[in-house]
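> Sequence and predicted structure, then a few things I'm wondering about:
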Amino acid sequence: MNSLKLLAQVYKEGLAAGIFDKYYVIAWSDKVIGVLDEPPYEFIEISLMGEALINDIERKLIEFYKEIDINYVAKLVLAIIYQKLLIEEITIEKAIRTTAKLLLNTSLCFEEEFYGLYYCDDAYDLALEGVHHSLKEVIKVFKKTISVYHSHINDFQIAYKEVMGSEWT
């Protein structure tokens, strides 16, 4: 798979889930334009979409990559979520919420491999309300379950470096 297409898929799903905001994706698009001799037209359009809706930016990314291996891309986004949680760039609540949104948006929420992660969102709410589960246990289960995807961060970083010529931070 072309590394730029893979990155576009990851950024689209990350944007849809809320782990990236539109300005982050636009800034990345600007960087793509800066490093490629002939950047795809869709990236030029994204670069100019500061006032656009998130859905419009998502559509431009989809126009670029056209097909997606959603299972693999979801694993890469989960690795990014976990990485951001490890370095405390996001809270546990944001990690749980964006994970649930990712799995719901990609229709992977009821797949056996991902269901435990998706369930953590409801379990977190129930624990917060004191209805069921302890918050400490839900957080422990979430961290353990999402950590399985951490190895996929290497695939993302390799693709990023291949396209951008620098490390992803």
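Looks like it came in fine.
> Return the residues in contact with Ala17.
By C-beta atoms under 8 Å, 6 or more residues apart in numbering, Ala17 lies in contact with Val77, Ile81, Thr98, Thr99, Lys101, Leu102, Asn105. Bear in mind the C-beta positions are built from the backbone N, C-alpha and C, glycine included.
> Sort out which of the residues you listed are in strands and list them.
When DSSP state E defines the strands, the subset of those inside them is empty.
> Can you tell me which of the residues you listed is closest to Gly116?
Thr99 (10.6 Å; C-beta to C-beta).
> is it true that the closest one touches Asp121?
Yes - contact status for Thr99 versus Asp121: in contact at 7.3 Å, counting by C-beta atoms under 8 Å.
> These two: which is more packed in?
Thr99 (28 against 21; other C-beta atoms under 10 Å).
> quick one: the more buried one from Glu129, how far?
Spatial separation of Thr99 from Glu129 under the definition C-beta to C-beta, to the nearest Å is 20 Å.
> for Glu38, same thing?
On the measure of C-beta to C-beta, Glu38 and Glu129 end up 54 Å apart.
> Repeat that for Asp69.
Applying C-beta to C-beta, one obtains 37 Å for the distance of Asp69 from Glu129.
> What is the burial count for the closest residue to Gln157 other than its chain neighbours?
Here the nearest residue to Gln157 in space, its sequence neighbours aside, is Trp168; by C-beta to C-beta, 6 or more residues apart in numbering that works out to 5.4 Å. The local packing of Trp168 (other C-beta under 10 Å) involves 15 other residues.
> before we move on, back to that, among Asp69 and Glu129, which residue is more densely surrounded?
Using other C-beta under 10 Å, the more surrounded residue of Asp69 and Glu129 is Asp69, with 12 against 8.
> What does that one show for phi and psi?
Here is the backbone geometry of Asp69 (degrees, to the nearest 10): phi -100, psi 90.
> Is the residue nearest to Gln157 in a helix, a strand, or coil?
In terms of secondary structure, Trp168 is coil; the call rests on DSSP: H, G, I helix; E, B strand; the rest coil.
> quick one: buried residues of stretch 45-62?
Within stretch 45-62, the residues that count as buried by 16 or more other C-beta atoms under 10 Å are Glu45, Ile46, Ser47, Met49, Ala52, Ile57, Glu58, Lys60, Leu61.
> Check stretch 88-100 too.
In terms of neighbour count (16+ other C-beta under 10 Å), stretch 88-100 has its buried residues at Ile90, Ile92, Ala95, Ile96, Arg97, Thr98, Thr99, Ala100.
> Noted, bye for now.
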